[in-house]
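[1] predicted structure and sequence below. I'll ask about it afterward.
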Amino acid sequence: MKKTLRNFTIFLLILAAFMSFTGCSLTQKNNNSSKTEVKTNEAPKIVEDKKNTDQLKTHKELLDGKVYTQGDYAVATMIIKDNVSEADAKTLAESYAKQLKQQYSNKKINVQAVKGGKNIANVTLN
C-alpha cells in the first residue's frame, strides 16, 4: 500500500511539473506575437526639407525655423523674435502656409509660430 501511494505521489508531481512547463511555453508564444504588432505600427519617417528651411530662415522676423515632412504632412515651425507683433507673426505664418501648399499640394500643411515660449499661430491647410 505504501509503495502504491508513493508511486501515485510521484506521478502527480511529474504531471504537475509537465503542466506548469506547458503553460509557460504557451505564454511566451503569445508575447512574441504582440511584439511583432508593435513593429508594424511605426510612425512615418521625418525628413527635413533643407531648401525650404534655408529659405524660411531668411525672414528677418525669425530667430530660427524648420520645414520638414512626415507622412501626409508638411510642417513648418517658426521661432519669432520678441520685437515682432503677434499680428505680423500670424500673417507671416498664414503666408508661408499658402506657399508650402503650392509646393506640397498633396499634403496637409501645418505652420506653427512660437514667440517667448508661447504658440501664437497655428495654421492648418488641408
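    It's in. From a predicted model like this one, the values you see are computed outputs, not experimental measurements.

[2] so what's the residue nearest to residue 124 when sequence neighbours are not counted up against?
    Closest residue to residue 124 in three dimensions, ignoring its sequence neighbours and counting by Cβ to Cβ, 6 or more residues apart in numbering: residue 110, at 5.2 Å. The way it works is simple: take the backbone N, C-alpha and C, and place the C-beta from them, glycine included. If you count contacts by Cβ atoms under 8 Å, 6 or more residues apart in numbering, residue 110 has them with 73-76, 97, 122-124.

[3] what does stretch 54-70 contact?
    Contacts made with stretch 54-70 from outside it, assessed by Cβ under 8 Å, 6+ apart, are listed as 43-49, 52-53, 74-81, 84, 88-89, 92, 96, 100, 104, 107.

[4] okay, buried residues for it please.
    Going by neighbour count (16 or more other Cβ atoms under 10 Å), the buried part of stretch 54-70 is 56, 61-62, 65-69.

[5] try stretch 72-90
    Along stretch 72-90, these residues count as buried under the neighbour rule (16+ other Cβ under 10 Å): 74-80, 84, 89-90.

[6] gap between stretch 94-109 and the chain center?
    22 Å (Cα atoms, centre = their mean, to the nearest Å).

[7] C-alpha coordinates for that stretch, PDB please?
    Coordinates of each C-alpha in stretch 94-109 appear next as PDB, following Å, rounded to 0.1, in the frame of the first residue of the first chain:
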ATOM      1  CA  GLU A  94      -0.500  82.200 -43.000                       C
ATOM      2  CA  SER A  95       1.500  83.400 -45.900                       C
ATOM      3  CA  TYR A  96       4.100  80.700 -45.500                       C
ATOM      4  CA  ALA A  97       1.400  78.000 -45.200                       C
ATOM      5  CA  LYS A  98      -0.100  79.100 -48.500                       C
ATOM      6  CA  GLN A  99       3.400  79.000 -50.100                       C
ATOM      7  CA  LEU A 100       4.000  75.500 -48.700                       C
ATOM      8  CA  LYS A 101       0.600  74.300 -50.000                       C
ATOM      9  CA  GLN A 102       1.700  75.300 -53.500                       C
ATOM     10  CA  GLN A 103       4.800  73.100 -53.200                       C
ATOM     11  CA  TYR A 104       3.100  70.200 -51.300                       C
ATOM     12  CA  SER A 105      -0.400  70.200 -52.900                       C
ATOM     13  CA  ASN A 106      -0.900  66.500 -52.000                       C
ATOM     14  CA  LYS A 107      -0.100  67.000 -48.300                       C
ATOM     15  CA  LYS A 108      -1.700  68.700 -45.300                       C
ATOM     16  CA  ILE A 109       0.100  71.800 -44.200                       C
END
